[in-house]
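Participant: Using only what follows, build the 3D model:
(one chain, ligands or ions: 2)
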Amino acid sequence: MGIWILNGFTVDADNEQTQRHICIEDGIIIQVINGGEAPDTAGHTVIDAAGKLVSPGFIDMHVHLREPGFEHKETIATGTLSAARGGFTTIACMPNTRPVIDTVDTVKLILDKAETEGAVRVLPYGCITKNELGRELTDFAALKEAGVIGYTDDGVGVQSAQMMKDAMNLAASLGMPIIAHCEDNTLVEGAPVTEGEFARKHGLKGIPNESEAIHVGRDVLLAEATGVHYHVCHVSTEQSVRLIRHAKQHGIKVTAEVCPHHLVLSDEDIPDLDANWKMNPPLRTPRDVQAVIEGLEDGTIDIIVTDHAPHAEEEKAKGMMLAPFGILGFETAFPLLYTKFVLTGQWTLGFLVDRLTAKPAEVFSLPWGKLEVGSPADITIVDLASEQEIKKSEIVSKSKNTPFIGWKLQGWPVVTIASGKVVWS
Ligand SMILES: NC(=O)N[C@@H](CC(=O)O)C(=O)O
Ligand SMILES: [Zn+2]
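Facilitator: Ligands and ions are numbered 1, 2, ... in the order given. A predicted model of the protein is given here:
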């Protein structure tokens with residue numbers, strides 16, 4: 001049986017809003033009617049979307065699902081359901097699991113589990129180096145054949161420039177992207193917060209911006225030399241934005257992502273040494289926040305990703321110094337950005353939706369992110385008027401590590417449809 005979604009409105013990148021009726025059958029969008037009377041819906045399930053945004057399912061190109069190896073934090077089942085609650089229908093998972101995703105067998109395991117237990121589509125990344133140790137490249141061709149969409153050692157930076165250059169040459173020869181967690185380990189001794197007001201107040205030696213930006217600078221030069229598509233993970237500093245902007249101006253094939261928390265929080269918002277405010281890269285200074293916002297607005301930064309990074313409560317209870325880096329992302333992303341940037345008039349709704357749908361699809365050459373006849377039926381319906389407080393008891397992820405508990409936000413996904421099936425409502 002098919003589904004008719006009636007009376008919702010769609011929005012394009014130019015913020016053009018159109019009332020539409022959309023029909024789904026067998027996982028595909030088979031009809032899109034612009035405006036007017038509701039069609040005959042006999043034999044179909046009807047979803048009334050009057051007054052609501054009907055968007056292509058959101059795409060998140062940076063997430064941690066923790067399976068295999070860390071099932072106490074998250075599983076493919078719980079992580080994909082959390083994604084569905086957040087309106088995401090395609091998510092790209094990072095390979096820092098145990099074992100890491102550096103063999104064909106592990107790629108197959110992820111794809112099989114996602115197929116049988118996942119609520120939404122999962123695209124795996126493969127490691128650049130075996131075990132993410134930075135010593136030996138993985139078998140890029142075999143991993144591509146198995147279904148990875150790119151290579152990354154996310155969680156750690158590739159420390160050797162020669163190793164990164166070899167990786168880029170190999171990826172380029174296969175027509176695949178390199179996705180980089182930019183972090184120079186020789187610059188990150190000290191406390192897990194940025195070098196800024198918070199660190200000064202607590203007498204801590206923080207993480208300097210250069211630890212990230214040095215890798216960005218190095219890698220855009222290597223990307224120029226090798227011709228690879230180079231994608232920068234979770235950009236957090238003013239210097240990185242500047243380097244990426246410059247590289248783009250020089251025609252280097254570089255793209256970049258930013259996370260909601262780096263757009264809405266600075267180090268000066270951290271209330272105390274609570275590890276729910278600890279993530280990598282750390283929350284930066286207000287000046288950096290301003291720079292990443294401007295970078296996203298002018299197209300230097302292409303897309304928004306959540307870097308959903310669940311950790312168990314007992315792990316985060318170890319406190320700022322000892323707890324692992326990372327916070328949840330899926331369930332708060334859209335309402336956070338809608339409330340902070342769209343309701344205030346800084347961005348159009350079309351801009352926000354584009355950076356979560358069509359843009360990531362374009363950057364990674366994926367066939368999703370649009371609402372057209374013949375497209376896979378990945379659809380998110382958002383009630384832009386609904387206001388809700390973020391409550392720990394309502395979090396779907398297996399973990400609860402978020403700094404946003406208690407925040408009142410507007411613009412909540414209410415129905416998520418993935419491959420034609422309602423996976424959240
Ligand atoms: N971002 C984080 O703070 N943590 C990530 C690793 C990463 O994305 O670098 C994790 O795996 O927990
Ligand atoms: Zn990372």
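Participant: Any residues of the stretch 1-150 of the chain in contact with ligand 1? List them.
Facilitator: Counting by CB under 6 Å from any ligand atom, the stretch 1-150 of the chain comes close to ligand 1 at 64, 96. C-beta coordinates here come from the backbone N, C-alpha and C atoms, glycine included.
Participant: For the stretch 1-150 of the chain, which residue gets nearest to ligand 1?
Facilitator: residue 64 (4.5 Å; CB to the nearest ligand atom).
Participant: pretty sure that residue is in contact with residue 96, am I right?
Facilitator: Yes. Using CB atoms under 8 Å, residue 64 is in contact with residue 96, at 6.9 Å.
Participant: Burial check on whatever residue of the chain ends up closest to ligand 2, number of neighbours?
Facilitator: Closest contact between the chain and ligand 2, by CB to the ion, is at residue 181 (3.6 Å). Residues within reach of residue 181, counting by other CB atoms under 10 Å, total 24.
Participant: how does the protein divide up, domain by domain?
Facilitator: 2-53+375-424, 57-363 (automatic domain parsing).
Participant: Could you export the ones you listed as JSON lines, including distance to residue 369?
Facilitator: Converted to JSON lines, the domains of the chain look like this (distance: least, CB to CB, whole Å):
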{"stretch": "domain 2-53+375-424", "distance to residue 369": "8"}
{"stretch": "domain 57-363", "distance to residue 369": "3"}
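Participant: most tightly surrounded among those domains?
Facilitator: Among the domains of the chain, domain 57-363 has the highest mean neighbour count (mean count of other CB atoms under 10 Å), at a mean of 21.
Participant: what separates it from the chain centre, distance-wise?
Facilitator: Counting by CA atoms, centre = their mean, to the nearest Å, domain 57-363 is centred 7 Å from the centre of its parent chain.
Participant: end to end, how far does it reach?
Facilitator: One end of domain 57-363 sits 16 Å from the other (CA to CA, to the nearest Å).
Participant: Do me a favour and average the pLDDT over that domain.
Facilitator: Averaged across domain 57-363, pLDDT comes to 98.
Participant: what's the top helix by length along the chain packed up against?
Facilitator: Using DSSP state H, we find that the single longest helix of the chain is helix 210-226. Where contact means 3 or more CB pairs under 8 Å, 6 or more residues apart in numbering; DSSP states H and E, helix 210-226 is packed against helix 161-174, strand 178-180, strand 230-232, helix 238-249.
Participant: who touches stretch 412-425?
Facilitator: By CB atoms under 8 Å, 6 or more residues apart in numbering, the residues outside stretch 412-425 that reach it are 3, 24-28, 47, 49, 52, 57, 81, 84-89, 119-121, 334-335, 376-383, 386, 388.
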